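Peer 1: Build the 3D model from these lines:
(chains A and B)
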There are 2 protein chains.
Amino acid sequence: KKTNDKSQNPLFLLIISFLRENKRKLLHSIKVGIALVLVSLLYLLDPLYEQVGENAMWAIMTVVVIFEFYAGALLSKGLNRGIGTVLGGGLGCLAASFAQQVGGIGNGIVVGISVFIIGAAATYTRLFPNVKRRYDYGVMIFILTFNLVLVSGLRAEKIMEIARERLSTIVMGFSVCIFTSLFIFPIWSSDELHDSLVSRFEHLASAIEGCVEEFFKFCDEKENRIIPGFDKCKTVLNSKSKDELLANFARWEPWHGKFGFSYPWEKYLKIAEHLRELAAMILSLRGCLESPRQAPRESIEEPCEAIVSSLSWTLKELGESIKRMGRCKAEDTIVPKLKSVRVELSLVMSPARLGSLDNSQGLAMAS
Amino acid sequence: KKTNDKSQNPLFLLIISFLRENKRKLLHSIKVGIALVLVSLLYLLDPLYEQVGENAMWAIMTVVVIFEFYAGALLSKGLNRGIGTVLGGGLGCLAASFAQQVGGIGNGIVVGISVFIIGAAATYTRLFPNVKRRYDYGVMIFILTFNLVLVSGLRAEKIMEIARERLSTIVMGFSVCIFTSLFIFPIWSSDELHDSLVSRFEHLASAIEGCVEEFFKFCDEKENRIIPGFDKCKTVLNSKSKDELLANFARWEPWHGKFGFSYPWEKYLKIAEHLRELAAMILSLRGCLESPRQAPRESIEEPCEAIVSSLSWTLKELGESIKRMGRCKAEDTIVPKLKSVRVELSLVMSPARLGSLDNSQGLAMAS
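Peer 2: Presented below is the predicted three-dimensional model:
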């Protein structure tokens, strides 16, 4: 029995650690499964099916297409889909009735021309960066609905009824999504953005520390040295597109947790921009680390370490204050500390001076 | 009449310059318009409509959803959609026939359970970075088709026929897309990736030059100085996600122009990574520019300018050789040049030394 325990233990621990690491992913998958089953009930239960009929298809489609990982992404996609459908459907109905008034062979020509013009114009607007970032999906659905309504309007009789039924099933699908996404363990992109910004301060602080440690450690094997924290520094450097995506979603998210309405997400992006600049500077220090020993390093070791420890302390303090979402308590201690770092640096006159400027900028932003 | 000419001229020039700048975007929009009109013919022309019926809807949907800016993106999405539909439809049919064999109340339970399991499992695979990058859309369509087939299989009699007809209309929509995208002025993402990589060498070279020029120009107004080429440098720094997207699409693109099959796109990504590191270094030089004058600069002006001009010459030469797609002709001149730069640098002992290391890496990769 004892051996059995032993062999089970690692497996059990493995499963536990797997669950912990992938908690959010598993949660999301299960939520999607639940939403799909809920929306399938439209088909499975006879009374519901009698109400919606074949149009239940559109509810399923909505759930599959809209259900995104972050709640904000889901809301953004859902609203885009709804508004795009309404606008496209309305314009399609107008164009269809105009084409019917023309009648005869002109009917088809009017349809063809309006499909071309609306399709090309809407596609062109999709290519503007501002539209692409936020309303890309909505414009696509607009084109789709416009075409379907206009073109099938030629054949179907009860076009308004079809449009109304489809819209109502889309609303049903959207409601199922909202219910499962927002009320069962929601995954907020605002939390993700907040946490990742806070952790970046930590990463950069440890990268600076690692850098200086390496600089004074040993200088014999100077090629292909791995500096601790540099890979995280690179992640910080390449974070721009992910940040913008998250901030974009976060704007759609309703009041929750510690974030209110109209939370200043654009400030997060500005701070992240400064952190990227700082990361670039830290990464460029590698050249110094790899260079052959030029000056006697021992003489500057002590002041350098003092400088770096106050720099990294400053970074950690800033990150901590963002985490607490409180005004940086240490504001009146950080500024004099940075000033003294500046004086020390001008004494040592090392190229690490670059870092201090940026920190004071970061401080100005955070406070 | 003369005044009329004058007033028309600027407008005309404006239009010309607008057309030139937005050539590709306009082209894409027009192509989408054409594809939409072509696929609408399935509804507009009676003989075609008699063949496909209401299923023509799926062809329109395919065109709207699949038609992406780059040919590679279109191919990737189209193939994903096709394969996802086939797999999802097949598995859905299997599950539906199994559920029918169970029969009775068990039927609905089997359907519900399989919807949940397949939905959750497929959603989980969508979250793997590798799957997300390339097959995200395919997996989504797989889930969608599986659900539609399985759930509507409960109600519809001729499920195989519906599946066959839908698939054939999707293939029709895809063919229309391929025709308009690949045969009418195709927009290749491989061209875009190639050109943007080449132009980055130019940008970095001019940024280095601009940097040194500023350094020796005037030192009075040292705050908020705009260094020419630094904004482009930042663009280079933030290029990672766009590059990966383009390389991803480029892999799907068939033999065309100067690119053969299995063209080494991953090398482009590696070169771009090195260029990003170089851009980080150049950007971090700003600290040097903004620092108060420490040493007499005039004494090092001449050697520095010589070094920078050979560095930027090297960069331009490397970019040129990638543009030509030829082995770097100047290889035997670049390496000694860089070596002499190194010697010069060690004489001047300026922090600009960081740059040279990276260039030689870039050279190693390009050749």
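
Peer 1: Distance check, the residue lying farthest from the centre of chain A against chain B.
Peer 2: Largest separation from the mean C-alpha position in chain A: A:G104, at 51.4 Å (Cα atoms, centre = their mean). Here A:G104 is placed at a distance of 13 Å from chain B (Cβ to the nearest Cβ, to the nearest Å). All C-beta atoms are positioned from the backbone trio N, CA, C, and that covers glycine.

Peer 1: And A:N80, by the same measure?
Peer 2: In terms of Cβ to the nearest Cβ, A:N80 sits 14 Å off from chain B.

Peer 1: Now the element after the one helix or strand that residue maps to, going C-ward?
Peer 2: A:N80 belongs to helix A:71-102 when assigned by DSSP states H and E. Next helix or strand after helix A:71-102 toward the C-terminus (DSSP H and E): helix A:104-126.

Peer 1: Quick one: name the residues of the stretch 1-150 of chain A near chain B.
Peer 2: By the rule Cβ under 8 Å from any Cβ of the partner chain, the part of the stretch 1-150 of chain A lying against chain B is A:25-26, A:28-30, A:32-34, A:36-37, A:40, A:43-44, A:49, A:54, A:56-57, A:60-61, A:64-65, A:67, A:69, A:108, A:111-112, A:115-117, A:119-121, A:123-124, A:127, A:140, A:143-144, A:147-148.

Peer 1: Give me the PyMOL select line for the residues you listed, limited to the buried ones.
Peer 2: In PyMOL syntax, the buried subset of those is picked out as below (16 or more other Cβ atoms under 10 Å in any protein chain shown):
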select buried, chain A and resi 25+26+28+29+30+32+33+34+36+37+40+43+44+49+56+57+60+61+64+65+67+69+108+111+112+115+116+119+120+123+124+127+140+143+144+147+148
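
Peer 1: A:V39 touches A:I60, doesn't it?
Peer 2: Yes: taking contacts as Cβ atoms under 8 Å, A:V39 lies within contact range of A:I60: 5.4 Å.

Peer 1: Touching both of those two, which residues are there?
Peer 2: Shared contacts of A:V39 and A:I60 (Cβ atoms under 8 Å, 6 or more residues apart in numbering or on different chains): A:G173.

Peer 1: Report the residue spans of the stretch 1-150 of chain A with pLDDT below the cut-off.
Peer 2: Low-confidence segments of the stretch 1-150 of chain A (pLDDT under 70): A:1-8.

Peer 1: now swap in the stretch 151-300 of chain A and tell me
Peer 2: The stretch 151-300 of chain A contains residues with pLDDT under 70 at A:154-157, A:217-228, A:286-300.

Peer 1: Helices along that one, start to end?
Peer 2: Secondary structure of the stretch 151-300 of chain A by DSSP state H, counting those that start in this stretch: the helices cover A:159-183, A:189-217, A:230-237, A:240-250, A:265-284, A:286-290, A:298-324.

Peer 1: Contact partners for A:W265?
Peer 2: With Cβ under 8 Å, 6+ apart, A:W265 has these contacts: A:S190, A:L193, A:A247, A:A250, A:R251.

Peer 1: Geometric centre of chain A: which residue is closest?
Peer 2: Residue closest to the average C-alpha location in chain A (Cα atoms, centre = their mean): A:L246, at 2.2 Å.

Peer 1: Might one say that that residue is in contact with A:H194?
Peer 2: No: at 9.4 Å, A:L246 and A:H194 do not qualify as touching, with contact defined as Cβ under 8 Å.

Peer 1: Once you drop chain neighbours, what's closest to the residue nearest to the centre of chain A?
Peer 2: Nearest residue to A:L246 in three dimensions, chain neighbours excluded: A:L193, at 4.2 Å (Cβ to Cβ, 6 or more residues apart in numbering or on different chains).

Peer 1: same question, A:E209
Peer 2: Leaving aside its sequence neighbours, A:E209 sits nearest to A:S312 (Cβ to Cβ, 6+ apart; 5.2 Å).

Peer 1: Let me have the contacts of A:W265 in TSV, extended by distance to B:I307 and neighbour count.
Peer 2: Output for these, formatted as TSV (distance: Cβ to Cβ, whole Å; neighbours: other Cβ atoms under 10 Å in any protein chain shown):
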residue	distance to B:I307	neighbour count
A:S190	48	24
A:L193	42	25
A:A247	41	19
A:A250	46	23
A:R251	47	17
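
Peer 1: Out of these, which two sit at the greatest distance?
Peer 2: A:L193 and A:R251 (10.5 Å; Cβ to Cβ).

Peer 1: circling back to that earlier point, out of the contacts of A:W265, which is nearest to chain B?
Peer 2: The shortest gap between chain B and any of the contacts of A:W265 belongs to A:A247, at 14.7 Å (Cβ to the nearest Cβ).

Peer 1: Would you check how far apart A:L36 and B:V102 are?
Peer 2: Relative to B:V102, A:L36 is positioned 20 Å away (Cβ to Cβ, to the nearest Å).

Peer 1: Neighbours of A:K158, how many?
Peer 2: If you count neighbours by other Cβ atoms under 10 Å in any protein chain shown, A:K158 ends up with 9.

Peer 1: Can I get stretch A:317-329 as PDB, trimmed to CA atoms?
Peer 2: C-alpha atoms of stretch A:317-329 as PDB (Å, rounded to 0.1, in the frame of the first residue of the first chain):
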ATOM      1  CA  GLU A 317       7.900  50.700  -5.000                       C
ATOM      2  CA  LEU A 318       6.300  52.100  -8.100                       C
ATOM      3  CA  GLY A 319       4.900  48.700  -9.100                       C
ATOM      4  CA  GLU A 320       3.700  48.200  -5.600                       C
ATOM      5  CA  SER A 321       1.800  51.500  -5.500                       C
ATOM      6  CA  ILE A 322       0.100  50.700  -8.800                       C
ATOM      7  CA  LYS A 323      -0.800  47.300  -7.400                       C
ATOM      8  CA  ARG A 324      -2.400  48.900  -4.400                       C
ATOM      9  CA  MET A 325      -3.900  51.600  -6.700                       C
ATOM     10  CA  GLY A 326      -2.900  54.100  -4.100                       C
ATOM     11  CA  ARG A 327      -0.900  57.300  -4.400                       C
ATOM     12  CA  CYS A 328       2.700  56.400  -4.200                       C
ATOM     13  CA  LYS A 329       3.300  56.700  -0.500                       C
END
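
Peer 1: Thank you, goodbye.
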